[in-house]
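In: Whatever this is, show me its structure:
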Amino acid sequence: MRRMWILSILVSLSLISLMVSTARSQTPFYEGKAITILIGTQGGGSIVAARIIAQHIGKYIPGNPAVLVQPMLGGAHIVASNHVFNTARPDGLTLLAANPNIAIAQLIKVDGVRFDVRKFEWLGSSGSDGVVLTVRSDLPYKTFEELRKADRELVVGTTGPGSNAHDFPLMLKEFAGAKFRFVSGYPANSDILLAVERKEVDVWTAFAATVRPVVKRGAVRPLVRGRVPSPGFEHLPVDETLTTNPVGKALMAIKGAPLAIGRALAAPPGTPADRIALLREAVAKVLRDPGLEADGRKAQIDFLHIPGDEVFKGISAILQQPPEVQQEMVKYIKFGG
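Out: Have a look, this model is predicted:
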């Protein structure tokens, strides 16, 4: 009798355990959890785009997690990239809103790079965005040719080497005859823009999505763009066309290549394949979301889905440069200084 009683208890416990296990397996991993998207900037179109995505993507992930965007500054996005690659748990709860220039940092072996862009789990991109160089609107320069003939050095505000705000005008100075003097160390694009409005800075370069509303309100005048076109700036001369120097043309082309990858999202290496599949599907769906598209129009940001495998191909191709090209790039492109 006692044996039957014990056996009955054991069977009941087994059934309860099976029920709990089944319930757990049916409960989405993300239910009751929060996803953090780390980004290496605290201002500009990239973080605005990331926040719009964060606002809408949760409903496309089973479990409907909260999604937060958190700046992690330092080293022209290298600090955030290192953290996601090396420190963040590969559980799908920490993602990186990557700046594609980190591929250039790896290519030229920047000190402090502790990641391999080919080993991130690329979830997709929310669209490519071109770079636009602008000049303060109260200055007389209407074209790059006029700017090139300026009778003084124009002050360029930058967050530091490795950023588009620094490297894009640097190429124009080195290979296209622009008279620029660089003032680095601004924490974010918003700080450079404030310096522009105070007339402390003459030249400002940023992603088209960041520049567009500032141009619209008349604070700056666009003069040059990179090879990736953006709505409203297609008519501007491309930087590569402003130099006859073959080295300059090549470096401008390579430096512009990451921009075609755009605003990519990545997970740490080793994140479970099923969660990567869920997140890739969610990225694809959210970028067709009417609410996201409406918020994008308000922020003057264009969204376009680029699949994760295409991001991987593009970012891997950047690393396939011959040693002589890398050596030339090291002369002109620095990071985080």
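In: Next, the contact list for residue 150, please.
Out: Contacts were defined as C-beta atoms under 8 Å, 6 or more residues apart in numbering; by that measure residue 150 touches 141, 179. Quick note: C-beta positions are derived from backbone N, CA and C, even for glycine.
In: how about the strands in the stretch 101-250 of the chain?
Out: Shown for the stretch 101-250 of the chain, the strands assigned by DSSP state E, counting those that start in this stretch span residues 121-125, 131-136, 154-157, 180-183, 203-207, 220-225.
In: Sort out which residues of the fourth one are buried, please.
Out: It refers to strand 180-183. Within strand 180-183, the residues that qualify as buried are 180, 182, counting by 16 or more other C-beta atoms under 10 Å.
In: remind me which residues of the chain are low pLDDT?
Out: When residues are selected by pLDDT under 70, those of the chain lie in 1-26, 335-337.
In: Pick out the residue nearest the middle of it.
Out: residue 99 (3.0 Å; C-alpha atoms, centre = their mean).
In: what's near enough to touch it?
Out: Under the criterion of C-beta under 8 Å, 6+ apart, the neighbours of residue 99 are 40-41, 46, 76-77, 81.
In: what two of those residues are the furthest from one another?
Out: Of all pairs drawn from those, the one with the largest separation by C-beta to C-beta is 46 and 81; the distance is 13.5 Å.
In: what separates stretch 154-163 from the chain centre, distance-wise?
Out: If you compare the mean C-alpha spot of stretch 154-163 with that of the full chain, they lie 18 Å apart, counting by C-alpha atoms, centre = their mean, to the nearest Å.
In: Okay, now that stretch: how far is its last residue from its first?
Out: Across stretch 154-163, the straight-line distance between its terminal residues is 18 Å, by C-alpha to C-alpha, to the nearest Å.
In: tell me which residues of that stretch are tucked away?
Out: Buried, per 16+ other C-beta under 10 Å, within stretch 154-163: 154-163.
In: and if you look at stretch 182-195?
Out: In terms of neighbour count (16+ other C-beta under 10 Å), stretch 182-195 has its buried residues at 182, 186, 188-189, 191-193, 195.
In: Can you flag which of those belong to helices?
Out: When helices are assigned by DSSP state H, the members of the buried residues of stretch 182-195 inside them are 189, 191-193, 195.
In: can these go into TSV with extra columns for distance to residue 66?
Out: TSV is the format used below for those (distance: C-beta to C-beta, whole Å):
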residue	distance to residue 66
189	27
191	29
192	32
193	30
195	35
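In: Farthest pair within those residues?
Out: When these are compared pair by pair using C-beta to C-beta, the maximum separation belongs to 189 and 195, at 10.6 Å.
In: sorry, back to before: tell me the one among the ones in helices among the buried residues of stretch 182-195 nearest to residue 295.
Out: Nearest to residue 295, judged by C-beta to C-beta, of those is residue 189 at 19.7 Å.
In: excluding its backbone neighbours, what's nearest residue 242?
Out: For residue 242, ignoring the flanking residues on the chain, the nearest one in space by C-beta to C-beta, 6 or more residues apart in numbering is residue 176 at 4.3 Å.
In: number of nearby residues for the one you found?
Out: 22 (other C-beta atoms under 10 Å).
In: So it sits against residue 243, correct?
Out: Yes: with contacts defined as C-beta atoms under 8 Å, residue 176 counts as touching residue 243 at a distance of 4.6 Å.
In: shared neighbours, those two?
Out: If you check residue 176 and residue 243 against C-beta under 8 Å, 6+ apart, no residue is contacted by both.
In: Just the contacts of residue 99: which are in helices?
Out: 46, 81.
In: Now residue 140: closest residue in space, sequence neighbours ignored.
Out: Distances taken as C-beta to C-beta, 6+ apart put residue 146 closest to residue 140, at 7.2 Å, once the chain neighbours are dropped.
In: Now for the residue lying closest to residue 168 once chain neighbours are set aside: which residues touch it?
Out: Counting by C-beta to C-beta, 6+ apart, the nearest residue to residue 168 once its immediate chain neighbours are dropped is residue 205, at 4.7 Å. The contact partners of residue 205, by C-beta under 8 Å, 6+ apart, come to 131-134, 156, 158, 164-165, 168-169.
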